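> how does the following fold in three dimensions:
(2 chains)
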Protein chains: 2
Amino acid sequence: MTDPALLAPEAPHAPSPSHRIRTLNDGGSDGWEIVYRARALRAAGEVVLDLTIGDHDRITPKLILDAMDASARGGHTGYADVPGIPALREAVAARATAQTGVPTGPENVLITAGGQAALFASFTACLDPGDTGLYIDPHYATYPGTIRAVAGVPFAIQSRAEAGFQPEREDLETAPPARALLINSPNNPTGVVYTRETMETIASFAVERNLWLISDEVYDTQVWSGAHLSPRALPDMQDRVLVVGSMSKSHVMTGSRLGWIIAEEAMIDHLADLLVTTTYGVPGYIQDAAVVALTEGERIEIEVAETYRRRKDLALGVLARSNRLSVVPPEGAMYVMVDIRATGLSGDAFADRLLDTHRIAVMPGESFGAASAGHIRIALTTSDDRLEEALGTLVTFAEALP
Amino acid sequence: MTDPALLAPEAPHAPSPSHRIRTLNDGGSDGWEIVYRARALRAAGEVVLDLTIGDHDRITPKLILDAMDASARGGHTGYADVPGIPALREAVAARATAQTGVPTGPENVLITAGGQAALFASFTACLDPGDTGLYIDPHYATYPGTIRAVAGVPFAIQSRAEAGFQPEREDLETAPPARALLINSPNNPTGVVYTRETMETIASFAVERNLWLISDEVYDTQVWSGAHLSPRALPDMQDRVLVVGSMSKSHVMTGSRLGWIIAEEAMIDHLADLLVTTTYGVPGYIQDAAVVALTEGERIEIEVAETYRRRKDLALGVLARSNRLSVVPPEGAMYVMVDIRATGLSGDAFADRLLDTHRIAVMPGESFGAASAGHIRIALTTSDDRLEEALGTLVTFAEALP
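Residues are numbered from 1 along each chain as shown, chains lettered A, B, ... in the order given. Sure thing, here's the model as predicted:
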């Protein structure tokens, strides 16, 4: 007698999700548990001082919100030009020309739905499936996943704490054959600004290996020492550099998702075709607001940067009280990276215990890759008073460790 | 003596853009020239009546803009939850449950930067590089490029004018092995709403071939005859269907780029990981406005749909005067597709001549694929008066053709 199971119709089975989406987070940073734990504690009614967040502790300035509302009510609520409205491409180009000295026109600018969308588009434009995308460790959390999402293969080049997290020639040489290299200066999480020497080393490496060089410069307005140098400003580099920029950090517009890519015109044309398939442009009223921010909002940009400079100084003052903590000199961006290896703890363990015992949340360095193990990252995104108090507690905690 | 050219250092050469981005538009619709020509004529000071545009002739309703402004000024300008804010995921889920009868929770909903971003994310989640993505011809312009952008291989299944553009079993059978099928009902450009029989044929084909079924339902509120049926509502289909939705057409929010995917929870979780790398979420104030639109804006939805129903009736009345034009019965969406084959012209030639001689712009059917050759698409996105006048002229033009 035939087994009835063999006669039963097969249950409809669902196809499997793509390999790339199933492996998006493979080997990626899983140090974000601390953020979720902090949130859960807060949800349970506890007071937690959160120094993990890369977002401002203030809302978008009124000047910008006024412009956005006026634009929307004025009728800019239909589809906007997919590569960006001409006025915004002009404004971003003018800013880039002023910053770098490299003549930049609107044809060199593509407006994207935030800096992350700019990174995604850049890798899609530079990598075919199976191509390797390089980035520098320690790194912003999304980098390896972004490369995997476009079916590329991520490879992390280790920079070294002992070299102040400035990648050196020997570090770069560890890279396998690849098609693109992503760098980020001013750097999240380290706060390091690459020197001209570092940038020239990277540029010559990119030329020798014939790599696209994707330069994430979203913290370019927050530089405390040294000077921001875009690799696009180095000789003969315009043809291979894609600069990623954003209004998020400079103008307190994180939630508005407004970024851009600056590159050679032929590449921008390709990227504009791509945007038709990824987001079909960015809201016109947000673009109008960004034009106002870039043309009238320099005061905002300066004021925002000054806030983080002041808090950086404040943090250095408090952290200097410790004999066991050593600070990676913060040269830019809104973070301070602290070497906690003298405590004998890992960054993960340090952050866990600090949260458990003092309800202060910091990011373990391990979340940003192996190169920043034994470090913690402190975001300067809390009011001066609370930051000072939290860091005082953190120092006491570190000193009291066995 | 050595050729001096051999001694000269090699000029720095730039790497080439990825194959996928260079071939994004290969074999795709190039019938958009008419849109650019119409724009150029207008820029030169000519009066052109544009019936090509898939965008409303009114701005986003005040109720929605008020909610957006209140949210932004209330402080929702920082990063919003990447998969979407809970209230909006809830509101979309409640709407889907009411529409389809399929219990849908917030865990089944992902908020995206517009319907196009939902399509892009869906294909990334369903296809690995080299996998074939199927879609039905005639088709919305971005479909093949979207599949290419994720390194997939697009294949167009031809539906037939003679079958009222309802894809039939024999049409589907022409497809090569594939991993996903994209459908769109109510359909742009044809205005056709798939019957239950068509939808069941598609569903059983998807099960037999074990395909993901991506269902673009952005016109689901604009149905003039028949009834909108989501394949997600068919038995045993929830596990393989991804529904793409949007606020663009229903609530006059095209420019706000607010869409969603509805799918099984495991797929939504994968897609949420993907969004971290593609857009890092959608502006919180736009999401808040969408919540208000979905919970308080039913009046808007109905009013918007009624506008297009009225214009569809008006268009049918005028077009009926012609003996050479035959209308594809418009059952939904904001377009009327007209069969102009009796004039002996191609859609391209008809559209070109109409623009040249009468300054009226319509989309040639060829822009949407081979299946709609010999047709033109008229968008109902112009005021009743101008639409009536333009169509009267169009009829006269068609009758006067040799």
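> low-confidence ranges, chain A, go.
In the predicted model of chain A, residues A:1-12, A:27-31 satisfy pLDDT under 70.
> the spatially most central residue of it: what's it in contact with?
By C-alpha atoms, centre = their mean, chain A has its centre lying nearest to residue A:140, at 5.0 Å. Residues in contact with residue A:140 (C-beta atoms under 8 Å, 6 or more residues apart in numbering or on different chains) are A:184, A:188-189, A:216, A:368. Using the backbone N, CA and C atoms, a C-beta is placed for each residue, glycine as well.
> ok, it to residue A:176 distance?
According to C-beta to C-beta, to the nearest Å, residue A:140 and residue A:176 sit 21 Å apart.
> and for residue A:44?
From residue A:44 across to residue A:176, the span is 46 Å (C-beta to C-beta).
> what do you get for residue A:250?
35 Å.
> give me the element the closest residue to residue A:263 other than its chain neighbours is part of.
What sits nearest to residue A:263 in space, not counting adjacent residues and going by C-beta to C-beta, 6 or more residues apart in numbering or on different chains, is residue A:242, at 4.5 Å. Assigned by DSSP states H and E, residue A:242 falls within strand A:241-246.
> keeping just the C-alphas, turn that strand into PDB.
Extracted C-alpha coordinates of strand A:241-246, given in PDB (Å, rounded to 0.1, in the frame of the first residue of the first chain):
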ATOM      1  CA  VAL A 241      37.000  59.900  -6.400                       C
ATOM      2  CA  LEU A 242      33.400  59.900  -5.200                       C
ATOM      3  CA  VAL A 243      32.800  62.200  -2.300                       C
ATOM      4  CA  VAL A 244      29.900  61.400   0.000                       C
ATOM      5  CA  GLY A 245      28.400  64.400   1.800                       C
ATOM      6  CA  SER A 246      25.300  65.100   3.900                       C
END
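> and the next helix or strand after it, which strands flank it?
Using DSSP H and E, the helix or strand that follows strand A:241-246 in sequence is strand A:259-262. Applying DSSP bridges to the sheet, strand A:259-262 is found paired with strand A:109-112 (antiparallel), strand A:241-246 (antiparallel).
> adding mean neighbour count, write these out as CSV.
Shown next, in CSV, are the strands paired with strand A:259-262 (neighbours: other C-beta atoms under 10 Å in any protein chain shown):
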stretch, mean neighbour count
strand A:109-112, 28
strand A:241-246, 27
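> nearest to residue B:223 among those would be which one?
Nearest of the strands paired with strand A:259-262 to residue B:223, taken as C-beta to C-beta: strand A:109-112 at 34.5 Å.
> for chain A, which segments count as helices?
All helices of chain A, identified by DSSP state H, fall at A:4-7, A:19-22, A:33-43, A:62-73, A:86-100, A:115-126, A:143-149, A:169-172, A:196-208, A:265-278, A:284-296, A:298-319, A:347-358, A:384-400.
> among those, which is the most enclosed?
Greatest average neighbour count among the helices of chain A goes to helix A:115-126 (a mean of 28), per mean count of other C-beta atoms under 10 Å in any protein chain shown.
> just want the angle from it to strand A:241-246.
Orientation check (axes from the mean of the first three to the mean of the last three C-alpha atoms, to 10 degrees): helix A:115-126 against strand A:241-246 gives 160 degrees.
> shouldn't residue A:91 be in contact with residue A:288?
No. At 10.7 Å, residue A:91 does not count as touching residue A:288 under the criterion of C-beta atoms under 8 Å.
> for the residue nearest to residue A:263, list each beta-bridge partner.
According to DSSP bridges, beta-bridge pairing links residue A:242 with residue A:214.
> distance of it from chain B?
10 Å (C-beta to the nearest C-beta, to the nearest Å).
> got the contact list for that residue?
Per C-beta under 8 Å, 6+ apart, neighbours of residue A:242: A:122, A:125-126, A:212-215, A:261-263, A:267.
> recalculate using a threshold of 10 Å.
Counting by C-beta atoms under 10 Å, 6 or more residues apart in numbering or on different chains, residue A:242 touches A:110, A:118-119, A:121-123, A:125-126, A:180, A:182, A:212-216, A:231-232, A:261-264, A:267-268, A:271.
> how about residue A:144?
A:24-29, A:133, A:135, A:137, A:152-156, A:369, B:277.
> and the buried ones among those residues, selectable in PyMOL?
To isolate the buried ones among those in PyMOL, judged by 16 or more other C-beta atoms under 10 Å in any protein chain shown, type:
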select buried, (chain A and resi 24+25+28+29+133+135+137+152+153+154+155+156+369) or (chain B and resi 277)
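> dump the strands paired with strand A:259-262 into TSV; add distance to residue B:358 as well.
Below are the strands paired with strand A:259-262 laid out as TSV (distance: least, C-beta to C-beta, whole Å):
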stretch	distance to residue B:358
strand A:109-112	35
strand A:241-246	45
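> quick one, which of these gets closest to residue B:66.
strand A:109-112 (26.3 Å).
> can I get the closest one in CSV, CA atoms only?
Extracted in CSV, the C-alpha atoms of strand A:109-112 (Å, rounded to 0.1, in the frame of the first residue of the first chain):
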residue,chain,number,x,y,z
VAL,A,109,26.6,66.6,-8.0
LEU,A,110,23.9,64.1,-7.4
ILE,A,111,21.4,64.6,-4.5
THR,A,112,20.6,61.4,-2.5
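> near chain B, which residues of the stretch 251-400 of chain A are found?
Residues of the stretch 251-400 of chain A lying close to chain B (C-beta under 10 Å from any C-beta of the partner chain) are A:252-259, A:263-264, A:266-267, A:269-271, A:273-287, A:289, A:381.
> and residue A:248, how far from chain B?
For residue A:248, the distance to chain B equals 9 Å [C-beta to the nearest C-beta].
> ramachandran coordinates for that residue?
With angles defined as degrees, to the nearest 10, residue A:248 sits at phi -60, psi -50.
> pretty sure it contacts residue A:260?
No. The pair residue A:248 and residue A:260 fails to qualify as a contact (C-beta atoms under 10 Å) at a distance of 11.3 Å.
> shared neighbours of those two, anything?
Counting by C-beta under 10 Å, 6+ apart, the residues touching both residue A:248 and residue A:260 are A:114-115.
> nearest to residue B:375, of the contacts of residue A:144?
Closest to residue B:375, out of all of the contacts of residue A:144 and judged by C-beta to C-beta, is residue B:277, at 39.3 Å.
> which ones are touching that closest one?
A:24-25, A:116-117, A:119-120, A:123, A:142-150, B:82, B:124.
> do that again at 7 Å, thanks
Applying C-beta atoms under 7 Å, 6 or more residues apart in numbering or on different chains to residue B:277 gives the contacts A:116, A:120, A:142, A:145-146, A:149.
> can you get me a residue count around the nearest residue to residue A:58 once chain neighbours are set aside?
Closest residue in space to residue A:58, ignoring its immediate chain neighbours: residue A:252 at 6.1 Å, by C-beta to C-beta, 6+ apart. A count of neighbours around residue A:252, defined by other C-beta atoms under 10 Å in any protein chain shown, yields 26.
> for residue A:252, grab phi and psi.
Main-chain torsions, residue A:252, degrees, to the nearest 10: phi 50, psi 50.
> would you mind confirming that it makes contact with residue A:56?
Yes. Between residue A:252 and residue A:56 there is a contact under C-beta atoms under 7 Å: 4.9 Å.
> returning to that earlier point: more neighbours, residue A:250 and residue A:176?
residue A:250 (23 against 8).
> and the gap between the closest residue to that one other than its chain neighbours and chain B?
For residue A:250, ignoring the flanking residues on the chain, the nearest one in space by C-beta to C-beta, 6+ apart is residue A:221 at 4.2 Å. Computed with C-beta to the nearest C-beta, the distance linking residue A:221 and chain B is 18 Å.
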